[in-house]
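A.B. asks: the sequence isn't on hand, but the structure is:
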């Protein structure tokens, strides 16, 4: 997977210093390719520790593998025709996100979810703020399959739901960052009650990932400027498409 694609998968969890490392590295890849991590850090104006944290965040085995990835990306850029991201950066960003989504292994998440959607009748599609619209999209998508879901779309409703769970409820949570302060109590109570909980997020580091029944991390969407800084683009389009995928596979099944 190319560095740019990895950034799409890990963007939500990148810290300010890690984004600074990405900007410096992609602006001057040869500095990393030709030098030790100590010398590269000095020339790029970042710390060795921040480079190491960035490498670990993107799940490279170490600095040598990271250097090889940069070398490969540089060679691909040299021999590949220019793409459309200069004139249409937003379109290019979404195309990249959807391409990554297409190539994710979705079966492990979707198979048990579809099975539970068919099994349960009291189903809550949950989102807060912007992702409330994604939760509602799943509700609307399932109407065509004669399946009714309740939308839980505010923090107040989420708090009430956390205190009124029973074993006959199925929870599906849409959240870009999956913050503990919003969903921690709900997920904890669901676990105590034996309530199956499915988390759809874009945050590789959310603590909720290990607390829910099933979770999937989708690619977020971003644009890289000419100076290699990153600009976040609204990722709800990816969540909308995933909601449609759930509805589709509910109707036709998984092969």
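C.D. replies: Cool, got the structure. In this text the structure is predicted, and so the values were computed from the model without any measurement.
A.B. asks: distance from the chain centre to the host helix or strand of residue 101, please.
C.D. replies: Here residue 101, judged by DSSP states H and E, is contained in helix 89-102. Relative to the mean C-alpha coordinate of its chain, helix 89-102 is positioned 13 Å out (CA atoms, centre = their mean, to the nearest Å).
A.B. asks: show me what the helix or strand following that helix is packed against.
C.D. replies: Remark: after helix 89-102, the chain's next helix or strand is helix 107-119, criterion DSSP H and E. Here helix 107-119 touches strand 169-175, strand 197-201, strand 214-217, helix 236-252, going by 3 or more CB pairs under 8 Å, 6 or more residues apart in numbering; DSSP states H and E. C-beta: built from backbone N, CA, C; applies to glycine.
A.B. asks: list the buried residues in the last one.
C.D. replies: Using 16 or more other CB atoms under 10 Å as the burial criterion, the residues of helix 236-252 that qualify are 236, 238, 239, 240, 241, 242, 243, 246, 247, 249, 250.
A.B. asks: same question, stretch 144-162
C.D. replies: Those would be 147, 149, 151, 152, 153, 157, 158, 161, 162, for stretch 144-162 by 16+ other CB under 10 Å.
A.B. asks: and those, which of them are in helices?
C.D. replies: Counting by DSSP state H, the buried residues of stretch 144-162 place 157, 158, 161, 162 in helices.
A.B. asks: and of the residues you listed, the nearest to residue 103?
C.D. replies: Nearest to residue 103 among those is residue 158, at 32.1 Å by CB to CB.
A.B. asks: the closest one touches residue 152, doesn't it?
C.D. replies: Yes: counting by CB atoms under 8 Å, residue 158 does reach residue 152; the two are 5.9 Å apart.
A.B. asks: what's in contact with whichever strand or helix holds residue 33?
C.D. replies: Here residue 33 sits within helix 29-34, counting by DSSP H and E. For helix 29-34, contacts defined as CB atoms under 8 Å, 6 or more residues apart in numbering pick out 25, 40, 43, 44, 66, 67, 70, 71, 73, 74.
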